[in-house]
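S.K.: pasting the sequence and the predicted model now:
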Amino acid sequence: MTIQLHTWNTPNGRKISVALEEMGLPYSVHPVNISKNEQFAPAFLEISPNNRIPAIIDPDGPDGAPISVFESGAILLYLGRKTGKFLPEGLRAQVPVLEWLMWQMGGFGPMPGQVHHFLQVENEADRAYGLARYKKETLRLYGVLDRRLARVEYVAGAISVADFAILGWAWRHERHQVDLAEFPQVKRWYEAMMARPATQRGFAVALS
């Protein structure tokens, strides 16, 4: 059965379109225009009470009953458990996936997101302080990722939902004002991920 993806063309939205393509799951896109505040519509709040995209409705959920899931990290874990793909079995193998997924959710997303915000602030003094603060932290996070990828091919060893989560934000590296040439292992990983046919489809599908 077809999963409903309620989303918009953002890094968090792209995480899920990529995962759905990589997992070979049928889905339909239901755009939620956040520039028009459609994320506050009562129908959307029923499936995403935090009024944030993305959210999914899976008509074939656990025990065959429909289920809705919000928060991109939770959606990735749900889809990994549902399909048995990109989420290894066994707690030891899952720990690095969970670590790097939480790393993305807690830092490599919120911090570059603040860079996006302060680039648009008109007041020079406010923009300069915020931009310097969050660019520094964003560059630190790229450095953390680069060091990790010097040791492993993908962030958790084998490719996993954590890679899809991080890729959604690395996709916007130019908007972060980050030159991937300064992070060669991230660049190697990014190019390998973006060369995957299913990932390409996940970025090509219209979300808005």
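M.R.: Received, thanks. Numbering: from 1, shown residues only.
S.K.: what does stretch 141-161 contact?
M.R.: 19, 76-77, 79-80, 86-88, 96-97, 99-101, 103, 107-108, 111-112, 162-163, 166, 173, 178, 182-186, 188-189 (C-beta atoms under 8 Å, 6 or more residues apart in numbering). To be clear about C-beta, it is placed using only N, CA and C from the backbone, and glycine gets the same treatment.
S.K.: now the buried members of these.
M.R.: 19, 76-77, 79-80, 86-88, 96-97, 100-101, 103, 107-108, 111-112, 162-163, 166, 173, 178, 183, 185-186, 189 (16 or more other C-beta atoms under 10 Å).
S.K.: assign the residue located most distally from the centre of the chain to helix, strand or coil.
M.R.: Going by C-alpha atoms, centre = their mean, the residue of the chain most distant from its centre is A125, 31.0 Å out. Of the three states, A125 takes helix under DSSP: H, G, I helix; E, B strand; the rest coil.
S.K.: and it, how far is that from H116?
M.R.: For A125, the distance to H116 equals 19 Å [C-beta to C-beta, to the nearest Å].
S.K.: same question, Q94
M.R.: Distance, Q94 to H116, by C-beta to C-beta: 31 Å.
S.K.: between these two, point out the one with more neighbours.
M.R.: Higher neighbour count among Q94 and H116: Q94, with 17 against 14, using other C-beta atoms under 10 Å.
S.K.: my guess is that one meets F86, correct?
M.R.: No. Applying C-beta atoms under 8 Å, one finds Q94 not in contact with F86, separated by 11.3 Å.
S.K.: what is the neighbour count of K187?
M.R.: Here the number of neighbours of K187 (other C-beta under 10 Å) works out to 17.
S.K.: F118 now?
M.R.: 17.
S.K.: domain map for this structure?
M.R.: Per automatic domain parsing, the structural domains of the chain span 3-86+199-204, 91-196.
S.K.: what's the distance between the first one and the middle of its chain?
M.R.: Put simply, domain 3-86+199-204 sits 11 Å off its chain's centre (C-alpha atoms, centre = their mean, to the nearest Å).
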